[in-house]
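# when you get a sec, could you give me coordinates for this:
(one chain, ligands or ions: 2)
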Amino acid sequence: MKPKVLVTRQIPEDALRMLEEACELKIWPHSDVPATREFLEKEIVDAEGLYCLLTEKIDKDILEKGNRLRAISTMAVGYNNIDVSAATERGIPVSNTPDVLTETTADLAFALLLATARRVVESSDFLRRGEWKTWSPMLLTGQDVYGATLGIIGMGRIGEAVGRRASGFDMKVLYHNRRRKPEVEEKYGFEYAELNQLLSQSDFVVILVPYSSETANLITMDQLRLMKKTASLINVARGGIVNEKDLYDALTGGVIWAAGLDVFETEPVPLDHPLLTLPNVVALPHIGSASIRTRTKMAQLAAENLLMSLAGQRPKCLVNPEVFEKN
Ligand code: NAP
Ligand code: GLV
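Numbering: from 1, shown residues only. Ligands and ions are numbered 1, 2, ... in the order given. All right, here's what the predicted structure looks like:
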């Protein structure tokens, strides 16, 4: 008998076919609305496998309801939406999709960096509003990227890829990570810095740590005040790492220059959110990994991980290896 799998969104065709061949699927029928809690709670009861996205909260309650569950696969690298320790206690392997999205997400981080420095979105809006009367010496002038200092908080896969891009702009790269990484210092010449030192010396600060109890509210007004008045803050990691109220105050009070945000505490970010009123904020709808090729690869990798876990094999990208060590 084919294992029953709950899929919480419409997913790319190739990945769907992989799952369909081997499993009996229950699929949330919408592509633009997340599965409701009610749907999840009802359908998890029979499911042996769960294929989910970062929009679903897979907490203890869901896991308790899903007592036939033996595999969870998320189509994302970040898994802060899943109670991994509860899954581990139940012996359920949790898998994610690292690596395949690294370069695409690093591109987006750099796009935000450039957009905030050179006021790209603000300038485009200015033109479309019909305010462009003439070329003018100081019109919409921004900050230079070339030769500037880039500070990366979280020197993991994507952090390293962002750092590599900086060499083309002749930037100095500082990084902060909970574990110092001599290999990137040696290979790329990145310099390790304590968090406060990185904040005070960088022209661009890019956040790339996972969301956790250690990184929640990592950046509040105390940290923002350490930054240069001309600096941009870029968050492509998770909302909640930067305190949004403090960020708003810093951007309106001239504490920092601009912010580029792909992620928010609440997603979708409410349209009346104060940050969206600011011309020095470039706000995106969590599209870090959103290239056609990368999203297709992520969907396939998540399917492959799920099928391997259901077959009792160690999936390619396992978040909780303890599950296999225990057995
Ligand atoms: P990764 O390779 O695991 O890198 C994360 C890095 O952060 C690691 O080097 C880790 O250090 C470091 N770190 C963790 N906690 C820390 C702390 N408290 N203080 C300092 N450093 C800490 O992950 P990744 O693939 O680069 O992805 C990073 C994050 O980006 C994901 O978790 C996800 O939230 C986000 N993301 C967002 C998008 C998007 O669409 N916007 C797309 C992809 C990823 P260790 O070496 O000690 O583990
Ligand atoms: C996206 O945010 C991811 O974690 O893959």
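
# check which residues of stretch 136-153 are buried.
For stretch 136-153, burial by neighbour count (16 or more other CB atoms under 10 Å) applies to 142-143, 145, 148-153. Placement of C-beta: from N, CA and C, glycine included.

# other SSEs contacting the lowest-mean-pLDDT helix or strand in the chain?
Using mean pLDDT, DSSP states H and E, the weakest-scoring helix or strand in the chain turns out to be helix 322-326, at a mean of 88. Counting contacts by 3 or more CB pairs under 8 Å, 6 or more residues apart in numbering; DSSP states H and E, helix 322-326 packs against helix 84-89.

# in strands, which of the buried residues of stretch 136-153 fall?
149-153 (DSSP state E).

# kindly reformat those as CSV containing distance to Leu113 and pLDDT.
As requested, those are arranged in CSV below (distance: CB to CB, whole Å; pLDDT from 0 to 100):
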residue, distance to Leu113, pLDDT
Thr149, 12, 99
Leu150, 8, 99
Gly151, 11, 99
Ile152, 11, 99
Ile153, 14, 99
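
# now tabulate those in TSV and tack on distance to Gly254.
As requested, those are exported to TSV (distance: CB to CB, whole Å):
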residue	distance to Gly254
Thr149	20
Leu150	22
Gly151	20
Ile152	25
Ile153	23
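
# what's around Lys2, how many residues?
12 (other CB atoms under 10 Å).

# per-residue pLDDT, it?
With respect to pLDDT, Lys2 scores 97.

# from here on, call the first residue 10.
Yep, numbering from 10; the last one is Lys11 now.

# report the contact partners of the residue in the stretch 110-259 of the chain positioned nearest to ligand 1.
Here the stretch 110-259 of the chain gets closest to ligand 1 at one residue, Gly165, 1.7 Å apart by CB to the nearest ligand atom. Neighbour list for Gly165: 186, 217-218 [criterion: CB atoms under 8 Å, 6 or more residues apart in numbering].
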